[in-house]
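> Okay, sequence plus prediction incoming.
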Amino acid sequence: MTKESNINHTLSQVADNEMAAILKKELQRQKSQIVLIASENFTSQEVIKTMGSVLTNKYAEGYPGDRYYEGCNAVDEVEDLAIKRCNLLFNSNYSNVQPHSGVQANTSVFLSVLNCGDRILSMNLRDGGHLSHGHKQNLTGKYFDIFTYSVDTETEMIDYDNVKKLAKISKPKLIIAGASSYSRIIDYAKFREIADEVGAFLMADIAHVAGLIAGGIYPTSVGIADFTTATTHKTLRGPRGGIIIADKKYSGLINKSVFPGTQGGPLMHIIAAKAVCFREALDPSFKLYSQKIIENSKVLCDFMKEKGYRIVSGGTDNHLFLIDLTDKHLTGYEASEALASVGIILNKNVIPYDKLNPNITSGIRIGTPAVTTQGMGPNQMYEIGEMIDFTLKNKDNGTALKNVARKVKDLAESFPVYSGL
Ligand SMILES: *Cc1c(COP(=O)(O)O)cnc(C)c1O
């Protein structure tokens, strides 16, 4: 993916022996397991190297050219470069690259246009929404009045007529389009129409699909939603962090809400790594990468369907899909534990209208960004599908599972990501 570089010190050769041992263990885990967590990826060595730079030493509260501290010439250039590349990548005229995470990007948008008690209409968590869109324990649930829309009981897809109906009834100040476990395309234009009809702001949270949008194979929300928030570490394959994209007219409002609204000093080493990630995503090879993510997702999804698993909404248009295990008499908890025991790492997930609680769940979520970064293709998807099916059918047969575990390790190790480490 990138040229071999000397980042060993950041991974397994730190002088702190105690920590070095742990880092080595984690590196080994990442090399030998198959990661199907839809929100995870393997970032490039360039990104890792940049994150491990001296930029972490610098305080730079404020924005380029307008800082509260001296000595910001270089970090100003870093942030300007990140903003320039982000705007180029997402075809926007304003972006804020400072949010420490996706949730903080969302929180900053809320702070910018909402007051305590204002109403938000967002996707039900059980149907694919995110904790930061209204969970009781999240700031959104505590300070705002949350109304939610669900997916259709039959199609398990967003029913836009129903969203419109709910918007008209609830008259929200902000509508959120975006999800963590929704395998279909979200129609931002339809959300825009609905928002306009009730006079609401529209925020698109593209945390999961940012890389697919950057690759040009998933419809963009930029230019349609008032605010687009994203994470840089999921399909976008960069450092752990968040961004906000909006029209220039919102720049003052958003900048103020990020700093001093929700954050202090920006993480300049992470912003630099975001800039590196944006450059990688601007390369034509990234388009190919994002196409392959979806191709792998569809192949694995179809394979599981042929094996008799019920797929939520019947299929996928993106990097992930959900399997409903109800008719297999397995919970998501049991399935994910069994799969983890052979080295296939994914997460249990609630499915629409799930009757089980979020710690147990009726489903599992499968995503292909990480295995695609490793260079795996359709043949490996069949292999992985077979191993998932076998493991779930033989989850109490220790000897059989030992064999699968060996195969998982062999497969993972034959697609190394970090060469030379
Ligand atoms: C992952 C995710 C986030 C949160 O990102 P963090 O960086 O973990 O804070 C926000 N929104 C959605 C839809 C997500 O899937």
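Arrived safely.
> How much space separates residue 229 from residue 90?
12 Å (C-beta to C-beta, to the nearest Å). Backbone N, C-alpha and C define where each C-beta goes, glycine included.
> What of residue 271?
Residue 271 is 16 Å from residue 90, by C-beta to C-beta.
> Contacts only, for whichever residue of the chain sits closest to the ligand.
When distances are taken as C-beta to the nearest ligand atom, the chain reaches nearest to the ligand at residue 102, 2.4 Å away. Going by C-beta atoms under 8 Å, 6 or more residues apart in numbering, residue 102 touches 132, 205, 207, 229-231, 242.
> Okay, and the beta partners of the closest residue to it other than its chain neighbours?
Leaving aside its chain neighbours, residue 102 sits nearest to residue 231 (3.9 Å; criterion: C-beta to C-beta, 6 or more residues apart in numbering). Here residue 231 sits in beta bridges with residue 242, going by DSSP bridges.
> So residue 231 sits against residue 101, correct?
Yes. The pair residue 231 / residue 101 is scored as a contact, 7.0 Å apart, by C-beta atoms under 8 Å.
> Near the ligand, which residues of the protein? Just list them.
39, 101-103, 130, 132, 178-180, 205, 207-208, 231, 242 (C-beta under 6 Å from any ligand atom).
> Narrow those residues to just the buried residues.
39, 101-103, 130, 132, 178-180, 205, 207-208, 231, 242 (16 or more other C-beta atoms under 10 Å).
> Report the contact partners of residue 232.
Contacts of residue 232 by C-beta under 8 Å, 6+ apart are 210, 238-243, 274, 277.
> ok so, going back, sort the contacts of residue 102 by pLDDT and name the bottom one.
Of all the contacts of residue 102, residue 132 carries the smallest pLDDT score, 94.
> quick one: low-confidence parts of the chain?
1-13 (pLDDT under 70).
> What residue spans form the domains of it?
49-282, 286-413 (automatic domain parsing).
> coming back round to it: and the contacts of residue 232 as a markdown table, adding distance to residue 391?
Converted to a markdown table, the contacts of residue 232 look like this (distance: C-beta to C-beta, whole Å):
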| residue | distance to residue 391 |
| --- | --- |
| 210 | 31 |
| 238 | 32 |
| 239 | 33 |
| 240 | 30 |
| 241 | 34 |
| 242 | 35 |
| 243 | 37 |
| 274 | 37 |
| 277 | 34 |
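> List just the nearest of those to residue 299.
Each of the contacts of residue 232 was checked against residue 299 using C-beta to C-beta; the closest is residue 210, at 22.5 Å.
> For residue 76, pull up the helix or strand it's in.
Following DSSP states H and E, one finds residue 76 within helix 73-90.
> returning to what we had before: so can I have TSV of the domains of the chain showing distance to residue 31?
As requested, the domains of the chain are arranged in TSV below (distance: least, C-beta to C-beta, whole Å):
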stretch	distance to residue 31
domain 49-282	17
domain 286-413	6
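> Can you name the element that comes right after the longest helix that the chain contains?
If you go by DSSP state H, the chain has its longest helix at helix 284-306. Downstream of helix 284-306, the next assigned helix or strand under DSSP H and E is strand 310-311.
> Next, give me the two most distant ones among the contacts of residue 102.
It's 132 and 230 that sit farthest apart of those, by C-beta to C-beta, at 12.7 Å.
> Could you list which residues are in contact with the residue nearest to residue 102?
Contacts of residue 231 by C-beta under 8 Å, 6+ apart are 39, 101-102, 105, 207-208, 210, 240-243.
> out of the residues you listed, which one sits closest to residue 264?
Once C-beta to C-beta is applied, the member of those that ends up nearest residue 264 is residue 101, at 14.2 Å.
> ok, the residue nearest to that closest one when sequence neighbours are not counted to residue 95 distance?
Distances taken as C-beta to C-beta, 6+ apart place residue 242 nearest to residue 101, at 5.0 Å, with adjacent residues excluded. The spacing between residue 242 and residue 95, counted by C-beta to C-beta, is 11 Å.
> same thing with residue 395?
Relative to residue 95, and taking C-beta to C-beta, residue 395 is found at 46 Å.
> With residue 257 instead?
Distance, residue 257 to residue 95, by C-beta to C-beta: 14 Å.
> One more: residue 304?
Counting by C-beta to C-beta, the gap from residue 304 to residue 95 is 37 Å.
> between the two, who's got more neighbours?
Taking other C-beta atoms under 10 Å, residue 304 and residue 95 do not tie; residue 95 has more neighbours (25 against 20).
> For the more buried one, give me its contacts.
83, 86-87, 243-246.
> Of those residues, which is the nearest to residue 337?
Looking across the contacts of residue 95 and measuring by C-beta to C-beta, the closest to residue 337 is residue 243, at 34.4 Å.
> Near that closest one, how many other residues are there?
30.
> so it makes contact with residue 274?
Yes. Assessed by C-beta under 8 Å, residue 243 is found in contact with residue 274 at 7.1 Å.
> about what we covered before: can you pull the residues that touch both of residue 132 and residue 230?
Joint contacts of residue 132 and residue 230 (C-beta under 8 Å, 6+ apart) are 102, 205.
> residues touching residue 155, list them.
Here residue 155 is in contact with 313-314 (C-beta under 8 Å, 6+ apart).
> now with 10 Å?
Residues in contact with residue 155 (C-beta atoms under 10 Å, 6 or more residues apart in numbering) are 184, 313-314, 352.
> What separation is there between it and residue 222?
Counting by C-beta to C-beta - residue 155 and residue 222 are separated by 27 Å.
> Give me the secondary structure label for residue 244.
Following DSSP: H, G, I helix; E, B strand; the rest coil, the label given to residue 244 is strand.
> what's the neighbour count on it?
Quick note: residue 244 (other C-beta under 10 Å) scores 28 neighbours.
> same question, the one 4 residues further on
Here the count is done by other C-beta under 10 Å, and residue 248 has 9 residues near it.
> So it sits against residue 223, correct?
No. Counting by C-beta atoms under 10 Å, residue 248 does not reach residue 223; the two are 12.0 Å apart.
> intersection of neighbour lists for the two?
Shared contacts of residue 248 and residue 223, counting by C-beta under 10 Å, 6+ apart, come down to 92-93.
> if we can go back for a sec, tell me what the helix holding residue 76 is packed against?
strand 62-63, strand 66-67, strand 95-96, helix 210-214, strand 227-231, strand 242-246, helix 268-282 (3 or more C-beta pairs under 10 Å, 6 or more residues apart in numbering; DSSP states H and E).
> would you put the C-alpha positions of the fifth one in CSV?
Listed next in CSV are the C-alpha coordinates belonging to strand 227-231 (Å, rounded to 0.1, in the frame of the first residue of the first chain):
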residue,chain,number,x,y,z
PHE,A,227,-23.9,19.9,7.5
THR,A,228,-22.0,16.7,6.8
THR,A,229,-20.1,15.0,9.6
ALA,A,230,-17.7,12.1,9.1
THR,A,231,-15.0,10.0,10.8
